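Q: Need coordinates for the below:
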Amino acid sequence: MKLAAIAITFTTLLATSSAAPTSNPGPVSAAASESLTALKRANSCGASTFAVDTSSQAVVSHCQTILTVLQTSTFPSYNWPLDGNWKSMIAYDTCSFTARTTRNGRGQIGNEDVSDLLRDSVRNANRGGQVGARGVMSCGGVEVEWRVARATGNEGGTFIPGIGK
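A: Numbering: from 1, shown residues only. This next block holds a predicted model:
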């Protein structure tokens, strides 16, 4: 079953990401000052603003694949410093969920936050099988900007096999 293979691969990626740091961190990219913690059901953020964004849309079914994996697997919770760049939390084929803090500071986002925002994006921003959305929320007192958009393959982060098809 394809979904089982994705879940197994995702779990393998997660296990790889929690190994000791090396000069080549593997499938999960994290700066030395970042911490990565595996949490089964992490909900670190409050309510979010929501806007449809048609500038860079993903295929809805690819975002739904990510949702299925998030609902059946452990997803890493990230702490990251503001560096002006978007950080990809997870991506599959054309769909990518990315986030960044909006001011100096560290933010944390968990699998429940990502799952909730992806689900709401698919429900509320689906335009003919394409989805793009963005918003801002508070995560542990830090303002975090997020977006669901077309994956380019250059985001870094955790990728489910299929990116770059």
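Q: Where does the prediction get shaky in the chain?
A: 1-42, 74-85, 104, 154-165 (pLDDT under 70).
Q: So which residues of it form helices?
A: 2-17, 60-72, 111-125 (DSSP state H).
Q: Settle this for me: Gln57 is touching Gly129, isn't it.
A: No - the pair Gln57 and Gly129 does not pass the contact test of CB atoms under 8 Å, sitting 9.2 Å apart. (Glycine included, C-beta is placed from N, CA and C.)
Q: Pick out whichever of the two has more residues nearby.
A: Gln57 (22 against 10; other CB atoms under 10 Å).
Q: Can you pull the phi/psi pair for that one?
A: Reported as degrees, to the nearest 10, the phi and psi values for Gln57 are phi -100, psi 150.
Q: Spit out the contact partners of it.
A: Arg127, Gln130, Val131, Gly132, Ala149, Arg150 (CB atoms under 8 Å, 6 or more residues apart in numbering).
Q: got those as JSON lines, with distance to Ser121 columns?
A: JSON lines is the format used below for the contacts of Gln57 (distance: CB to CB, whole Å):
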{"residue": "Arg127", "distance to Ser121": "11"}
{"residue": "Gln130", "distance to Ser121": "11"}
{"residue": "Val131", "distance to Ser121": "5"}
{"residue": "Gly132", "distance to Ser121": "8"}
{"residue": "Ala149", "distance to Ser121": "10"}
{"residue": "Arg150", "distance to Ser121": "13"}
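Q: Which of those ranks first by neighbour count?
A: Val131 (29 neighbours).
Q: Now do the strands in the protein.
A: 35-39, 45-48, 51-52, 58-59, 75-81, 87-92, 95-101, 106-109, 126-127, 130-131, 133-139, 142-150, 158-160 (DSSP state E).
Q: right, and the ones you listed - which one's nearest Ile66?
A: When those are compared by CB to CB, strand 87-92 sits nearest Ile66, at 5.0 Å.
Q: What helices and strands are in contact with the closest one?
A: Under the contact criterion of 3 or more CB pairs under 8 Å, 6 or more residues apart in numbering; DSSP states H and E, strand 87-92 touches helix 60-72, strand 75-81, strand 95-101, strand 158-160.
Q: Quick check: of the contacts of Gln57, which lies closest to Leu70?
A: The nearest one, if we look at the contacts of Gln57 relative to Leu70 and count by CB to CB, is Val131, at 15.5 Å.
Q: With that, I have no additional questions.
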